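**Student:** Sequence first, predicted coordinates after that:
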Amino acid sequence: MSSLSMRRRLFGFMLPPALSAISPLVVLPLVSRTAGPGGWASAIAGEAVGTFIAIVVGYGWAAIGPALVSVALDDAHRARLYRESIAVRLLIATVAIPALAIICWFIASPGAEWLTVLMGTQGAVIALSFTWYCAGVGDPRTIIFYDALPRLIVTIAASVVIAATGFVEVYPIAGILVTLVGTAVFTWRLLRKEPGSWPSLREIPSLLRSGFPVALNDATQSAYSSVPAPLVNVTAAPEAAAGFASADKMFKLGSILPFTLASALQSWVGEVSGRERARLVRIALAAHGGFGLVGGVALAVLGHWASLILFGEAAAAGYAIL
């Protein structure tokens, strides 16, 4: 791959997460100020639970799926992988998302129950998204037009509604609809182009067994970042929980761009083999490390002031938390 082509791929895959990082910043300042410290902390706690449930529902497909798709023999094989992923993820979602709703209801501050449940659901349904498939085939444009841009547009619309009515629940509802509608349209177009059979019921146990090691690893890693916000919300005073929620949200928003380097570089590394692949892996690791280091320093130095501006004095993250 030429350097120009690589730069285009990097730009293409960095644009959707950049839009994803910008979109919440349009509406979250309104949510934090409208919902109050208790509602804000509950919303972020629900989102954290949703993030963990998304890992459970995703069952490793977001981690290993792009690599499988990038080395698949042909489009028919890729479509087969996508069908398998849909079958597994929908099956798990039928159990996991109702469990999420119960958990979110009980960890919410009084009066913020529905906001917490909806924020959790918004985070969880991301696991049903098609974006990992596009990462594997090197197609960022589809992510932009089916997910990132619609998400930005509905987020702006939701912010207008919240400013006018104070109905903060409209934000997660809009996010849920973007994920489900965008994924449904993409899936219909892909599978219409590549018709084939769906996994049978007898194949499901085998698919679950093969994906379990990756799913378990992902869930273990996700628990580290998903447990603190709900735990703080049920044990700390609303003001303290709100500050922690702001710090947690800023960290996760700041992590989007470094994490998406994997999407940009995954198929790039998979296109070669031998020593050249080893060289590209070293470049990718160095890029990830450098990006993460710069982001960590920026968060530590500027995080308090940024949270004060974004989320208001009542929900600002202190230096001790950052």
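**Tutor:** Yep, that arrived. Residues are numbered from 1 along each chain as shown.
**Student:** Which positions within stretch 198-210 qualify as buried?
**Tutor:** Neighbour-count burial for stretch 198-210, counted by 16 or more other C-beta atoms under 10 Å, picks out 199, 207. All C-beta atoms are positioned from the backbone trio N, CA, C, and that covers glycine.
**Student:** What ranges does the stretch 101-250 of the chain have for its helices?
**Tutor:** Here the stretch 101-250 of the chain has its helices, by DSSP state H, counting those that start in this stretch, at 113-125, 131-137, 140-143, 149-165, 170-193, 204-226, 228-235, 238-270.
**Student:** Could you list every helix and strand that the first one packs against?
**Tutor:** Under the contact criterion of 3 or more C-beta pairs under 8 Å, 6 or more residues apart in numbering; DSSP states H and E, helix 113-125 touches helix 3-58, helix 75-107, helix 170-193.
**Student:** Can you tell me which of these is packed in deepest?
**Tutor:** Of these, the one with the most neighbours on average (mean count of other C-beta atoms under 10 Å) is helix 3-58, at a mean of 22.
**Student:** And the average pLDDT for that helix is what?
**Tutor:** Across helix 3-58, the average pLDDT comes to 83.
**Student:** Toward the C-terminus from that helix, list the very next helix or strand.
**Tutor:** Per DSSP states H and E, the first helix or strand lying C-terminal to helix 3-58 is helix 61-70.
**Student:** tell me the angle that following helix makes with helix 75-107.
**Tutor:** Relative orientation of helix 61-70 versus helix 75-107 (axes from the mean of the first three to the mean of the last three C-alpha atoms, to 10 degrees): 170 degrees.
**Student:** Just give me how far helix 61-70 sits from the chain centre.
**Tutor:** Distance of helix 61-70 from its chain centroid, counting by C-alpha atoms, centre = their mean, to the nearest Å, is 16 Å.
**Student:** Look up the closest residue to Ala298, ignoring the ones flanking it.
**Tutor:** Closest residue to Ala298 apart from its sequence neighbours, by C-beta to C-beta, 6 or more residues apart in numbering: Gly254 at 7.4 Å.
**Student:** what's the answer for Gly136, then?
**Tutor:** Once flanking residues are discounted, Gly136 sits nearest to Val69: 3.0 Å by C-beta to C-beta, 6+ apart.
**Student:** State the distance from the one you found to Ala157.
**Tutor:** Distance, Val69 to Ala157, by C-beta to C-beta, to the nearest Å: 33 Å.
**Student:** Could you do Ile126 as well?
**Tutor:** 20 Å.
**Student:** okay, those two: which has more neighbours?
**Tutor:** Using other C-beta atoms under 10 Å, the more surrounded residue of Ile126 and Ala157 is Ile126, with 21 against 15.
**Student:** Contact partners for the more buried one?
**Tutor:** Residues counted as contacts of Ile126 (C-beta atoms under 8 Å, 6 or more residues apart in numbering) are 50, 54, 179.
**Student:** go on, Glu239?
**Tutor:** Counting by C-beta under 8 Å, 6+ apart, Glu239 touches 37, 314.
**Student:** again, but for Gly243
**Tutor:** Gly243 touches 307, 315-318, 321, counting by C-beta under 8 Å, 6+ apart.
**Student:** Which among those residues count as buried?
**Tutor:** Among those, the ones that count as buried by 16+ other C-beta under 10 Å are 307, 315-317, 321.
**Student:** okay, those in a markdown table with secondary structure next?
**Tutor:** Putting these into a markdown table (DSSP: H, G, I helix; E, B strand; the rest coil) gives the following:
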| residue | secondary structure |
| --- | --- |
| Ser307 | helix |
| Ala315 | helix |
| Ala316 | coil |
| Ala317 | coil |
| Ile321 | coil |
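**Student:** so which pair among those is furthest apart in space?
**Tutor:** For the buried ones among the contacts of Gly243, the farthest-apart pair by C-beta to C-beta is Ala315 and Ile321; their separation is 11.6 Å.
**Student:** Report the secondary structure state of Ser301.
**Tutor:** Rather than Ser, residue 301 is Val. Using three-state DSSP, the three-state assignment for Val301 comes out as helix.
**Student:** Low-confidence ranges, the protein, go.
**Tutor:** 1-14, 16-18, 256-273, 320, 322 (pLDDT under 70).
**Student:** Centroid-nearest residue for it?
**Tutor:** In the chain, the centroid-proximal residue (C-alpha atoms, centre = their mean) is Ile126; its distance is 6.0 Å.
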